[in-house]
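Asker: Would you be able to build a 3D model of this:
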Amino acid sequence: LLDLLREQLALTGTKKGCDHGQCGSCTVLLEGRRVVSCLTFAVSHDGAEVTTAAGLADGDRLHPVQQAFLDHDGFQCGFCTPGQICSAVGMLDELEQGWPSHATADLTGPVEPGRAEIRERMSGNLCRCAAYTNIVDAIAQVAK
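Answerer: The predicted structure is shown next:
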């Protein structure tokens with residue numbers, strides 16, 4: 001899927017980092033769920049809705065997660081930012097649906113979007129510049 005997006009559709013915002021599914025730079029939303037596109041066979045998802053970070057905005061109006069990344073300086077070099085943003089949108093949807101994670105303290109009630117919960121859910125997205133604190137701040141802003 002990553003190669004299709006970048007090489008055939010010229011959607012180069014989605015980045016090729018490790019090309020092994022370990023860094024999260026290539027994260028996109030596939031039917032609303034986050035996936036690492038470098039390990040996803042495009043042909044297996046013919047006709048599916050794929051959303052990249054660029055596709056989250058509504059015209060000139062940024063998606064709330066995109067705006068929060070700007071507000072909190074949730075990026076430095078920007079290489080991992082598209083994957084971070086797509087992953088954040090996907091994990092916020094998981095939170096809203098009540099999906100627990102390893103960090104979820106109470107499995108019987110609603111999942112609270114605390115910092116530990118956000119960090120655990122975003123742990124598959126690496127940032128070489130170490131903008132993690134600002135990324136968590138940005139996601140926490142939207143989670144409220």
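Asker: contacts, neighbours, all on C-alpha from now
Answerer: Fine.
Asker: State which helix of the protein is the longest.
Answerer: What stands out as the longest helix in the chain, according to DSSP state H, is helix 81-96.
Asker: Flag every buried residue along stretch 21-32.
Answerer: 21, 23-30 (16 or more other Cα atoms under 10 Å).
Asker: can you pull the contacts of Leu30?
Answerer: 48-51 (Cα atoms under 8 Å, 6 or more residues apart in numbering).
Asker: Next step: these restricted to strands.
Answerer: In this view, those that belong to strands under DSSP state E are 50-51.
Asker: Would you pull up how far stretch 135-144 lies from the middle of the chain?
Answerer: Stretch 135-144 sits 12 Å away from the centroid of its parent chain (Cα atoms, centre = their mean, to the nearest Å).
Asker: Downstream of the longest helix of the chain, the next helix or strand is which one?
Answerer: Note on helix 81-96: by DSSP states H and E, the next helix or strand toward the C-terminus is helix 115-121.
Asker: Tell me the spacing between the most centrally placed residue in the chain and Asp106.
Answerer: For the chain, the residue sitting closest to the mean C-alpha position, by Cα atoms, centre = their mean, is Ser87 at 1.4 Å. Between Ser87 and Asp106 the distance is 23 Å, computed by Cα to Cα, to the nearest Å.
Asker: among the contacts of Leu30, who's most crowded?
Answerer: When neighbours are counted by other Cα atoms under 10 Å, Val50 leads the contacts of Leu30 with 19 neighbours.
Asker: just checking, it touches Arg33?
Answerer: No. Applying Cα atoms under 8 Å as the test, Val50 and Arg33 come out as separate, 9.3 Å apart.
Asker: coming back round to it: how about the nearest residue to the residue nearest to the centre of the chain, chain neighbours excluded?
Answerer: Arg34 (5.8 Å; Cα to Cα, 6 or more residues apart in numbering).
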